[in-house]
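> Based on what follows, work out the 3D shape:
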Amino acid sequence: MRFKPLILIKIALLVYLFSINCSDVSVNSNENNVSIPVEGVYVIPDINNDNVWGISSNEQTPKNKPTTLGVLTEKQKETLFDLLKAYSQKKNREYVAFFSEKKGNKNNKFKYTYFKLKPTENTLVKADGKKLFYYWVKINPEDGSIVNVLASIVPYTADELLKMKEWKKHLKKKLANMNTLPKKKGSSDCETAENTPPVYNPDTNTYEYGDIVVCDSEDEEISDGNGGGDGGPPPNPDYCYDTTTCEQDTNPDGGGQGSDPTTSCPAGYVKDKDDNCVKGEEPCAGNPIKKPRIASQKNSGLNGGRRGYTRSGGKQFHEGIDIENPVGNAIFSPYDGNIDGYGYDEKGLGYYVTIRFRVNGVYHLMRFAHLQKDSWPPNGSSINAGDVIGIQGTSGNIFNAIAQGLTKAHTHVTTFKRTGGGWTHEIDYTKVNPEALLTTKFDEDGNPIPSTVC
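Model prediction:
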């Protein structure tokens, strides 16, 4: 079979384009040494835009034809998310963002700017471990080419979603002031996709929300200035929406602050069940966190967080111990054993995980409550002392208690000792004081005894 020269040229061109879009931006979210792109082709391949966005690039299309807004394909969203995760792991930051801008309309090069986000403790409490994957994509209506993208992973709250939308407006003003892209006279106003509620994606364990915008730049004409060709915007413009919860990264391809090259997580972080770096330091055996402290109660002090204290006018017996732990921090197994069960308790414990282990040949159960959903290892799996078995959340009745200033985020620990011949929790196990099994001991006022702190 013989090919015509024209066909061979087309095939070679397609292979070349495909190789550019696949090789310039290579992301593997499972490798901490992945190269983070600073300049190059856009992370979403700029091929067949009319099919992707539903915008016709036919020269015969009337200019007054209504623009058809498209959506990101699942593959495109996955590509954006993978880049965020790769950057997140490289910097050992849970919440991150990046912004990509076209450096001119005569080539296909993009400039990337990365951000390390620092949500407040109040925001983390409200989110209760839920995350939002937000993206904003700006498209040229004439040919469907990508112009800008903002993508981020933030705590999922209404305020954070609004902040991301406001950030989009902030970026548009910055770009207009810097004349990054020439504006043509007579171009139409921006058209934005219809707003819809964020949708949960079980594959990424995040809620997704995207804004698709089809427009050039701002309404007024912008001169060529220094934005055409390869010149781009002034060096290192400040794109952050504020300086308290957003930090623009000046060295995005470098390691995270405090990172140890001999380990996969920096100091102060450990690996969770999904191999992600989370806050926490491995404690000594017998403790669920390092240097544990009892969470004080506003009305009853430290002893109000211990087993045996009665609350609500003597109507409520506190059956466990409340160990202070910031939201998002890891909880560790004090002993070698197995995951015995997990679930959600509607009476106040929220999400919990239970471990089974032996002390002096006797089986015990230890339950850790007020966790984030699905933050524990699989049921029945073997665990060692020091393994992460959960992530601190605000599930159950502590959410309102924290909001009202009655206590701090904490893990409620309940312990059971096997006293029967079977394995039924309610029949063969008896509740005991968790403090007897902790390495760190507490004095009569609820303070840690210094010689036992570890």
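
> What number of residues are in the vicinity of the nearest residue to His170 once chain neighbours are set aside?
Excluding the flanking residues, the one nearest His170 by CB to CB, 6 or more residues apart in numbering is Tyr241, at 5.3 Å. For every residue, glycine as well, the C-beta is placed using N, CA and C. Neighbours of Tyr241 under the rule other CB atoms under 10 Å: 18.

> again, but for Val199
Around Val199 there are 10 residues (other CB under 10 Å).

> Equivalent analysis for Lys168, please.
Counted with other CB under 10 Å, Lys168 comes out at 19.

> Lys75: neighbour count?
Neighbours of Lys75 using other CB under 10 Å come to 10.

> helix/strand/coil for it?
Three-state secondary structure (criterion: DSSP: H, G, I helix; E, B strand; the rest coil) places Lys75 in helix.

> before we move on, what about the one 4 residues further on?
Secondary structure, three-state DSSP: Thr79 is helix.

> Against Pro37, how distant is it?
12 Å (CB to CB, to the nearest Å).

> of these two, who's got more company?
Neighbour count, other CB under 10 Å: between Thr79 and Pro37, Pro37 has more, with 24 against 18.

> helix or strand for the more buried one, which one?
In this assignment (DSSP states H and E), Pro37 forms part of neither any helix nor any strand.

> so it sits right up against Tyr114, yeah?
No - if you go by CB atoms under 8 Å, Pro37 and Tyr114 don't touch, sitting 9.8 Å apart.

> ok so, going back, quick one, what contacts the residue nearest to His170?
Counting by CB atoms under 8 Å, 6 or more residues apart in numbering, Tyr241 touches 163, 166-167, 170.

> Tell me the secondary structure at it.
coil.

> Next, it: phi, psi?
When read as degrees, to the nearest 10, the backbone of Tyr241 gives phi -80, psi -30.

> For it, give its distance to Gly337.
In terms of CB to CB, Tyr241 sits 46 Å off from Gly337.

> One more: Asp443?
Counting by CB to CB, the gap from Asp443 to Gly337 is 29 Å.

> Mind checking which of these two has more residues around it?
Counted by other CB under 10 Å, Asp443 and Gly337 do not tie: Gly337 has more neighbours, with 22 against 10.

> The host helix or strand of Tyr342: which residues count as buried?
Tyr342 belongs to strand 337-345 when assigned by DSSP H and E. Within strand 337-345, the residues that qualify as buried are 337-342, 345, counting by 16 or more other CB atoms under 10 Å.

> Please enumerate the helices of the chain.
Using DSSP state H, the helices of the chain run over residues 5-23, 49-53, 74-91, 121-127, 158-177, 398-403, 425-428.

> how about the fourth one as PDB, C-alpha atoms only?
Coordinates of each C-alpha in helix 121-127 appear next as PDB, following Å, rounded to 0.1, in the frame of the first residue of the first chain:
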ATOM      1  CA  GLU A 121      -8.300  27.000  61.700                       C
ATOM      2  CA  ASN A 122     -12.000  28.200  61.700                       C
ATOM      3  CA  THR A 123     -12.200  27.300  57.900                       C
ATOM      4  CA  LEU A 124     -10.800  23.800  58.600                       C
ATOM      5  CA  VAL A 125     -13.300  23.200  61.300                       C
ATOM      6  CA  LYS A 126     -16.200  24.200  59.100                       C
ATOM      7  CA  ALA A 127     -14.900  22.000  56.200                       C
END
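
> helices or strands up against it?
strand 146-155, helix 158-177, helix 398-403 (3 or more CB pairs under 8 Å, 6 or more residues apart in numbering; DSSP states H and E).

> okay, those, which one's buried deepest?
Neighbour counts (mean count of other CB atoms under 10 Å) averaged over each of the helices and strands packed on helix 121-127 peak at strand 146-155, with a mean of 23.

> which other helices and strands contact that one?
helix 74-91, strand 96-102, strand 110-117, helix 121-127, strand 131-139, helix 158-177.

> I'd like the distance from the residue lying closest to Val432 once chain neighbours are set aside to Arg307, if you could.
With sequence-adjacent residues excluded and distances taken as CB to CB, 6+ apart, Val432 is closest to Lys417, at 4.8 Å. As judged by CB to CB, Lys417 and Arg307 stand 13 Å apart.

> got it, and Phe399?
Look at Phe399 and Arg307: by CB to CB, they are 22 Å apart.

> before we move on, what about Phe332?
20 Å.

> Please identify which of those two sits among more neighbours.
Just comparing Phe332 and Arg307: by other CB under 10 Å the higher neighbour count belongs to Phe332, 24 against 19.

> Any buried residues in stretch 110-130, and which?
In stretch 110-130, counting by 16+ other CB under 10 Å, buried: 110-117, 119, 123-130.

> I should have written stretch 375-385 there, sorry.
375-377, 383, 385.

> quick one: contacts of stretch 410-420?
288-289, 295, 305, 319-325, 331, 349, 362-371, 390, 392, 396, 398, 425, 427-434, 436-437.

> Find the nearest non-adjacent residue to Lys168, please.
Closest to Lys168 by CB to CB, 6+ apart is Trp136, at 4.7 Å.

> need the contact list for the one you found.
Trp136 neighbours (CB under 8 Å, 6+ apart): 148-151, 164, 168, 210-211, 213.

> What is the nearest of these to Val453?
Met164 (41.7 Å; CB to CB).

> so what's that closest one up against?
132, 134, 136, 150, 152, 154, 209.

> Generate CSV for these, with pLDDT and distance to Pro202 as supplementary columns.
Output for the contacts of Met164, formatted as CSV (pLDDT from 0 to 100; distance: CB to CB, whole Å):
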residue, pLDDT, distance to Pro202
Leu132, 94, 15
Tyr134, 93, 18
Trp136, 87, 23
Leu150, 90, 24
Ser152, 94, 20
Val154, 94, 19
Tyr209, 90, 16
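
> Hmm, Ala86 and Ser253 touching each other?
Residue 253: Asp, not Ser. No - between Asp253 and Ala86 there is no contact under CB under 8 Å: 10.7 Å.

> What confidence value was assigned to Ile222?
Ile222 is assigned 27 on the pLDDT scale.
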